[in-house]
Each structure stands twice: as C-alpha cells, then as structure tokens.
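> curious how this folds, go ahead:
(chains A and B)
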Amino acid sequence: EPEVTQTPSHQVTQMGQEVILRCVPISNHLYFYWYRQILGQKVEFLVSFYNNEISEKSEIFDDQFSVERPDGSNFTLKIRSTKLEDSAMYFCASSLDRGQEQPQHFGDGTRLSIL
Amino acid sequence: SQKIEQNSEALNIQEGKTATLTCNYTNYSPAYLQWYRQDPGRGPVFLLLIRENEKEKRKERLKVTFDTTLKQSLFHITASQPADSATYLCALRYSSASKIIFGSGTRLSIRP
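Presented below is the predicted three-dimensional model:
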C-alpha cells in the first residue's frame, strides 16, 4: 500500500538554526498537511497546502514557518530560526482531495530536537 | 474554541472482551468524526469515519457511534486482541476546514 515517507527520522539542531523537514506524499494525492506533536501532548494542525498555496494555517504557523512543494514529489516544512519550544514530532499527511470524507494519510514523522 | 475530551488516558482490559472508548466534544458538532490509531513512534493511522447524520458505523471488529445530542462518540473494539494495544485518537473535522482537530487519545492495553 502506498505510504507517506518523511526524512530524516530524527533531526538535532542548535537553537537559532534553520531546519528543513522533508516529506514525499502519496503520488496521486493533491492535498498536503503538516501537524506536530509535542511529547505527551495532542497532535496539532499546522498548515494545509493545495495547488501550490497554503489553504489553511493555525496560529502556531507563524512567520518562522514556511512550506514548499519544490518539485512534483516533495513537500517541505522550513523553520527559519528554531526555538527550544519547536522540539516535537512533525507529521506530514496527504489526502486524495479536499473532500471531508477523504482520510488523511500520515507519515511516521520526524523527531525534531532543538538544543 | 472547540475542545475534545477522551474519557480516560489509559484503559486496560482482558483479551476477548469489548473495549469501549469515549470521545466528548464541546460547542458545535463536526461534519465528520474520525478515529485513528497511533502506535509508539508512529504516525496516526485512519480507522473509521462517521458523518453527523449517521448513528453508527462498523468495520470488521470496530464499531463507532455518533450522538450529536450528547456531543459524544463511542468507539468499540469487539473480541479484543493484544495486537489492538495502541493509543486511539478521536478527531473532528468541520465541513469548512481541511484540518483535523485531535483529542489527546486513550492508551488501550489488552492483556492476554
């Protein structure tokens, strides 16, 4: 069964540095998402992306965050100047279309540790 | 803002019994209520979706109910097995939004 893949599985970065998390969504999917999960807390929505535009974002997704689909297969999340509180598991997800009945398929995440 | 509560942080039951997990929400009802499974160190995996105008949905050993009057969903696993041990997440989705709002989950342990 096709799956969402994320790299790296674990990223360690110094505070203040830029980090890029990478995702390869399922190939025929059109909608892409980023979520994060701080250790011991809920999975939280960050941003959704369609047709090379952000379609929705949460208040967590401030100016330090950006998303890009640089080519036909990758979907990236960039954090410009990382803070300690950015330490979390970051999940990428994709869905076939925007229909609310379409499930979102999640990758296994990138664990981001900010030192 | 919308709140989702899952009844207990952890639930331990004997293999073969039915596990029942509860999800309650505040404010207005979502168009869709979903249940996901999350194993340690893994991403959520979609299990079932139920619409606001549906009362019940089944898939193999899984059953979900949705009561918009009580603002509650129940998730049942019948004939539970140790392999069902995981964290189960309730999630809401509103018709105008693409995002999913997750509950904090219930960690289910099935003992042999």
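> which residues touch the helix or strand of chain B with the lowest mean pLDDT?
None of the helices or strands of chain B scores lower by mean pLDDT, DSSP states H and E than strand B:4-6, at a mean of 88. The contact list for strand B:4-6 (CB atoms under 8 Å, 6 or more residues apart in numbering or on different chains) reads B:21-25, B:88-92, B:101-106. C-beta: built from backbone N, CA, C; applies to glycine.
> contacts with chain A among those, please.
B:89, B:101-105 (CB under 8 Å from any CB of the partner chain).
> quick check: ChimeraX command selecting the buried ones in these.
Listed next is the ChimeraX selection for buried residues among these, using 16 or more other CB atoms under 10 Å in any protein chain shown:
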select /B:89,101,102,103,105
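> one step back: following the least confident helix or strand of chain B in sequence, what is the next regular element?
Under the assignment DSSP states H and E, the closest C-terminal helix or strand after strand B:4-6 is strand B:10-14.
> in whatever helix or strand comes next after that next one, what counts as buried?
For strand B:10-14, the succeeding helix or strand toward the C-terminus, using DSSP H and E, is strand B:19-25. Residues of strand B:19-25 classed as buried under the neighbour-count rule (16+ other CB under 10 Å) are B:19, B:21, B:23-25.
> ditto for stretch B:103-112
Those would be B:103, B:105-108, B:110, for stretch B:103-112 by 16+ other CB under 10 Å.
> about what we covered before: buried residues, the least confident helix or strand of chain B. List them.
Buried residues in strand B:4-6, counted by 16+ other CB under 10 Å: B:4, B:6.
> how far off centre is that strand?
Computed by CA atoms, centre = their mean, to the nearest Å, the chain-centroid distance of strand B:4-6 equals 10 Å.
> number of residues surrounding A:Glu68?
As a burial measure, A:Glu68 scores 13 neighbours (other CB atoms under 10 Å in any protein chain shown).
> how close does the nearest residue to A:Val24 once chain neighbours are set aside get to chain B?
Nearest residue to A:Val24 in three dimensions, chain neighbours excluded: A:Thr5, at 4.7 Å (CB to CB, 6 or more residues apart in numbering or on different chains). Note on A:Thr5: its distance to chain B, by CB to the nearest CB, to the nearest Å, is 11 Å.
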